[in-house]
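**Q** Let me see the structure of the following:
(chains A and B)
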Number of protein chains: 2
Amino acid sequence: MNTDQFRQFGKAAVDYIADYFDSIKNRPVFHSVHPGYLQELIPAEPPRRGDLWKDVLQDVDRVIMPGITHWHSPNFHAYFSAANSFPAIVGEMMGAGFTSIGINWMASPAYTELEVAMMNWLGKLLHLPEHFLNCSDGPGGGVIQAYKTYFQGSASETTLLCLLAAKEKKVRDLKALNPDLNDTEIKTKLVAYSSDQSNSSVERAGLLGSVPMRLIPADEDGKFPANKLLEAMRKDRAQGLIPCYVVACLGTTPTCAFDDLTELGPICNQENVWLHVDAAYAGAAFSCPEYRYLMEGVEYADSFNFSPHKWMLVNFDCSAMWVRNARFLTDAFQVDRIYLKSKQLTSIPEYRHWRIPLGGKFRALKLWFVLRIYGVEGIQNYIRHQVALAKYFEQLVVDDSRFELCCSNMGLVCFQLRGDNELTEILFEKIIENRNIFVLSGYFNGKYVIRFSICSQLTERCDIDNAWQEIVSQAKFVLRHHGGLR
Amino acid sequence: MNTDQFRQFGKAAVDYIADYFDSIKNRPVFHSVHPGYLQELIPAEPPRRGDLWKDVLQDVDRVIMPGITHWHSPNFHAYFSAANSFPAIVGEMMGAGFTSIGINWMASPAYTELEVAMMNWLGKLLHLPEHFLNCSDGPGGGVIQAYKTYFQGSASETTLLCLLAAKEKKVRDLKALNPDLNDTEIKTKLVAYSSDQSNSSVERAGLLGSVPMRLIPADEDGKFPANKLLEAMRKDRAQGLIPCYVVACLGTTPTCAFDDLTELGPICNQENVWLHVDAAYAGAAFSCPEYRYLMEGVEYADSFNFSPHKWMLVNFDCSAMWVRNARFLTDAFQVDRIYLKSKQLTSIPEYRHWRIPLGGKFRALKLWFVLRIYGVEGIQNYIRHQVALAKYFEQLVVDDSRFELCCSNMGLVCFQLRGDNELTEILFEKIIENRNIFVLSGYFNGKYVIRFSICSQLTERCDIDNAWQEIVSQAKFVLRHHGGLR
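**A** Modelled structure (predicted):
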């Protein structure tokens, strides 16, 4: 394909995406396919000779589109929002166009330097403590992590990475006190903690990092109870185990609850345990001053992450992480070979020692595009608008005596039909069967709840009204036919 | 930004990329900046109000372009090729446009199903053994891994993932024989093996997975010596340790050497040790029948990976992995929570259990675009053309008595100035200082070599001639001024 053909193909693809968004309100939010549908639509082998781009684009419509669940439909209220914006889409394409690989500064200086600058911008946007920023004097700094689990609210690589760094740090700390100790002996005794409301990726990080992850039952607000953490640590210490890592959540996956860092933080600091703060979804809200009280105590943390690809308009994937002391990361992962060596630059971080993959994509570019084109106010307006829509929905629930509001935080509202859990279960199934809106369900304090999340940028009050109408109309049916369950 | 503005911005960006490629021959391959350059060009804070897209696009030219090392310049001969093609760029943009997250089949069926289909296409393109394919009857299958280290020739996540699966498998195997054994006890005794020519990410996988990775010295051809592997395993067993994992390379990072699977494979199978084959760069060559003899013995492998984002025209990142038995992966990583549950589909893999991140990007889309628009023949022609250019360069080296050819495989040629290593060191420094071509250097069998790699799709014979002229002209200078070193 030459550049002339690319100009045609690329522009046709831009129009395809624009047409898609222009028409998304009229598309059913759910896909319309059965398992295995795609294998019936395409050949079992790659073509011998190349096809025309026009045919391929038509096949996107024929083969792909029917199997897409429309996450950006205004009727999509499942999971959390998956960020998407036009500036980020263009940024993604341009990053692909340059395709350098950010192995080190030399391999493409703009990669490293834009990442440093954007992590400073982001940190300032969120009002993170100065010591986390690259532009501070200390050993702290921010980095875009290369991939993230998506679902839900959490960033598995970051959790794992910090766990591994915490492990190494603990081994060093203990060996400094007692040089006769042996690494393996220490490592087999380490334990980590989080609440049972943390993302499944936290549990997985424990599995992958070979450190048992204690999942402490949350309190009735879905928060990590500090006294239970202390209790668990003391019990473990009494058995000769060594606490080394705690994951707190600002915005948990099931209910977007905020753990209290002013309580958890001092315990971790006192016990010399690494505190990682996972604000994957809700972190974007700290761009608004009125929500910053929810991260009070963040200054106790050793590491902090949030994912602009969730709620800050940067397409998947882009997850931001800051550490108080980057040396603990680089000490844990530095593996240098001759082909990676380049002259050491004192002022510029060598990001390859900050993450698991050695090279990185140009993720900072799409982040730059979004921050430039939206501006601070644009991002604040976006967050506030989404929270306002959730509040509007919350009020509809509260105003209807058939329903009970279970929790509501940021863009997420959980509710149930009053009465037996089974009623809500049937309601949920009816809603999904009817396919007009996409919501999820879950349990909260033993209650089966419907989890309604404001996701799409295109969602407006009228869409909330329609969604509520759909819920109420299914609820009426359920109460009529199964009301005996009450 | 509304869809009209996106149409304008997107198309201007397509033109920017096309103009970039039209002009890349005339750009110096190296960037022209000093460390810290970018912080001088942009403000320290994000803008309060949003900027116009036109200003942002202009700033790409002003701020980013000077700091880009042009990996797709025909004068770029460093590292290995980093794939880039127009179909893949468009695929990347369209994938960003849809931004669903492939958490499970339900969340967007097209994601999972196109990935299944593309892994079948790719496996057939490479003529991998049937048991690796999703379309086979057995428990094997292929998956696109979500991120990759780039440099060099290897795919760190895949290596780590298979190491972790091998660990779990070994624990289960041993406990099946002796149920009294304890997991931790077994795990602390596990050891893994690779050659010292394997990628640094293999060593790193050992670090991350807490399994010592023995790096066996390669033979003089850069290959993993099977007898030394057996020796090392026996020595370890004699000390009560348990061999569990071997990484063999088809196309090593330093010299693109091919380990002999017909020798390593039977040993691994006999010793019940997981054999992982890393063909990250060179795997693409198996699309051509004439190179398939180099993967003879691949049927002994438990897992195999190669990265289309290196040498198969799919932009970073896209790394393909196949396993003989997917159950060993899913058993190791399955963490199910209620929000992840969906009805089990027997015929369709739940890919979230196949990789570390739970969600995935729509990477299969760009792969589909590339395979469709190039076709099998287009890919074969591309590989053959690149190898022919390397052969052409090799001949220039061989025909000049001042130089010695050290090794030449696929698109990579390593050579030195005859005489003391220091001569080649000076030559390398002169070439880099002069900034006309970008090459790397390294050691091979104690010889300091220049590593010349065919990278860009735009490279033609005349560019090879120019590169050679540059090398010869610098060599003349070196021999004139430092010839006494000979």
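
**Q** Export the worst-scoring helix or strand of chain A on mean pLDDT to PDB, keeping only CA atoms.
**A** Least confident helix or strand, chain A: helix A:327-333 with a mean of 77, by mean pLDDT, DSSP states H and E. Extracted in PDB, the C-alpha atoms of helix A:327-333 (Å, rounded to 0.1, in the frame of the first residue of the first chain):
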ATOM      1  CA  ARG A 327      14.800   3.400  43.200                       C
ATOM      2  CA  PHE A 328      12.800   0.600  44.700                       C
ATOM      3  CA  LEU A 329      11.400  -0.100  41.200                       C
ATOM      4  CA  THR A 330      14.600   0.200  39.300                       C
ATOM      5  CA  ASP A 331      16.500  -1.900  41.900                       C
ATOM      6  CA  ALA A 332      14.000  -4.700  41.500                       C
ATOM      7  CA  PHE A 333      13.900  -4.800  37.700                       C
END
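
**Q** so how far is it off the chain centroid?
**A** 24 Å (CA atoms, centre = their mean, to the nearest Å).

**Q** Go through the next helix or strand after it and flag the buried ones.
**A** Using DSSP states H and E, the helix or strand that follows helix A:327-333 in sequence is helix A:363-398. The neighbour-count check on helix A:363-398 (16 or more other CB atoms under 10 Å in any protein chain shown) flags A:363-376, A:378-380, A:382-383, A:386-387, A:389-390, A:393-394, A:396-397 as buried. Glycine gets a C-beta too; all of them are placed from N, C-alpha and C.

**Q** Give me the domain ranges for chain A.
**A** A:100-361, A:371-485 (automatic domain parsing).

**Q** in chain A, which ranges drop under the pLDDT threshold?
**A** In the predicted model, chain A carries pLDDT under 70 at residues A:100-103, A:146-156, A:333-347, A:352-360, A:484-486.

**Q** Tell me where it has strands.
**A** A:141-145, A:190-195, A:213-216, A:242-249, A:274-278, A:303-306, A:319-323, A:403-409, A:412-417, A:440-444, A:447-453 (DSSP state E).

**Q** who touches the last one?
**A** Meaning strand A:447-453. For strand A:447-453, the surrounding residues in contact (CB atoms under 8 Å, 6 or more residues apart in numbering or on different chains) are A:77-81, A:254, A:393, A:406, A:411-416, A:421-422, A:424-425, A:427-428, A:431, A:439-443, A:467, A:471, B:339.

**Q** Around chain B, pick out the residues from the stretch 151-300 of chain A.
**A** Applying CB under 8 Å from any CB of the partner chain, we find that the stretch 151-300 of chain A lies next to chain B at A:151-152, A:156-157, A:160, A:164, A:184, A:187-188, A:200-201, A:203-204, A:207-208, A:210, A:253-254.

**Q** Mind checking which of these are in helices?
**A** Under the assignment DSSP state H, these contribute A:S156, A:E157, A:L160, A:L164, A:T184, A:K187, A:S200, A:S201, A:E203, A:R204, A:L207, A:L208 to helices.

**Q** Name the member of those with the most neighbours.
**A** A:S201 (32 neighbours; other CB atoms under 10 Å in any protein chain shown).

**Q** Is that residue in contact with A:T159, as I believe?
**A** Yes. Under the criterion of CB atoms under 8 Å, A:S201 makes contact with A:T159 at 5.9 Å.

**Q** From A:C162, how far out is A:R214?
**A** A:R214 sits 16 Å away from A:C162, taking CB to CB, to the nearest Å as the criterion.

**Q** A:L250 now?
**A** Taken as CB to CB, the span from A:L250 to A:C162 is 15 Å.

**Q** more neighbours, the two?
**A** For A:L250 versus A:C162, neighbours defined as other CB under 10 Å are more numerous around A:C162 (30 against 27).

**Q** Distance-wise, check the more buried one relative to A:L229.
**A** A:C162 is 17 Å from A:L229, by CB to CB.

**Q** mind checking the end-to-end distance for stretch A:47-61?
**A** Terminal residues of stretch A:47-61 are spaced 19 Å apart (CA to CA, to the nearest Å).

**Q** can you give me the offset of it from its chain's centre?
**A** Worked out by CA atoms, centre = their mean, stretch A:47-61 lies 34 Å from the chain centre.

**Q** again, but for stretch A:13-30
**A** On CA atoms, centre = their mean, the centre of stretch A:13-30 falls 25 Å from that of its chain.

**Q** Using CSV, list the CA coordinates for it.
**A** Below are the C-alpha coordinates for stretch A:13-30, written out as CSV (Å, rounded to 0.1, in the frame of the first residue of the first chain):
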residue,chain,number,x,y,z
ALA,A,13,-11.7,5.0,8.1
VAL,A,14,-12.0,8.4,9.8
ASP,A,15,-15.4,8.8,8.2
TYR,A,16,-16.4,5.3,9.2
ILE,A,17,-15.6,6.1,12.8
ALA,A,18,-17.4,9.5,12.7
ASP,A,19,-20.4,7.9,11.0
TYR,A,20,-20.3,5.2,13.7
PHE,A,21,-20.5,7.8,16.5
ASP,A,22,-23.2,9.8,14.6
SER,A,23,-25.3,6.7,14.4
ILE,A,24,-24.5,5.1,17.7
LYS,A,25,-27.7,6.4,19.5
ASN,A,26,-29.8,4.4,17.0
ARG,A,27,-27.9,1.2,17.3
PRO,A,28,-29.0,-1.5,19.8
VAL,A,29,-26.4,-1.5,22.6
PHE,A,30,-26.0,-5.3,22.5
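
**Q** is chain B contacted by it?
**A** Yes. Applying CB under 8 Å from any CB, one finds stretch A:13-30 in contact with chain B at A:A13, A:V14, A:D15, A:Y16, A:I17, A:A18, A:Y20, A:F21, A:D22.

**Q** Who wins on neighbours among the residues you listed?
**A** Most crowded among the residues of stretch A:13-30 next to chain B, counting by other CB under 10 Å, is A:V14 at 28 neighbours.

**Q** got a list of what that residue touches?
**A** Applying CB under 8 Å, 6+ apart, the residues contacting A:V14 are B:F6, B:R7, B:G10, B:K11, B:V14, B:M93.

**Q** hang on, isn't the fourth one packed against A:F9?
**A** No. In this structure, B:K11 is not within contact of A:F9 by CB under 8 Å, at 11.7 Å.

**Q** Of the two, which one has the most company?
**A** Counted by other CB under 10 Å, B:K11 and A:F9 do not tie: A:F9 has more neighbours, with 23 against 19.

**Q** As JSON lines, the strands of chain A with mean neighbour count would be great.
**A** Output for the strands of chain A, formatted as JSON lines (neighbours: other CB atoms under 10 Å in any protein chain shown):
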{"stretch": "strand A:141-145", "mean neighbour count": "25"}
{"stretch": "strand A:190-195", "mean neighbour count": "25"}
{"stretch": "strand A:213-216", "mean neighbour count": "19"}
{"stretch": "strand A:242-249", "mean neighbour count": "27"}
{"stretch": "strand A:274-278", "mean neighbour count": "27"}
{"stretch": "strand A:303-306", "mean neighbour count": "28"}
{"stretch": "strand A:319-323", "mean neighbour count": "28"}
{"stretch": "strand A:403-409", "mean neighbour count": "20"}
{"stretch": "strand A:412-417", "mean neighbour count": "27"}
{"stretch": "strand A:440-444", "mean neighbour count": "18"}
{"stretch": "strand A:447-453", "mean neighbour count": "22"}
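
**Q** How far away from the center of its chain is stretch A:372-381?
**A** Centre-to-centre, stretch A:372-381 and its host chain are 20 Å apart (CA atoms, centre = their mean).

**Q** Let me see the residues that make contact with it.
**A** A:85, A:87, A:125, A:284, A:287-288, A:312-313, A:370-371, A:382, B:1, B:46-53, B:55-56, B:59.

**Q** 10 Å instead?
**A** By CB atoms under 10 Å, 6 or more residues apart in numbering or on different chains, the list of residues contacting stretch A:372-381 from outside reads A:85-88, A:90-91, A:121, A:124-125, A:284-285, A:287-290, A:308, A:311-313, A:370-371, A:382, B:1, B:5, B:9, B:42, B:45-53, B:55-56, B:59.
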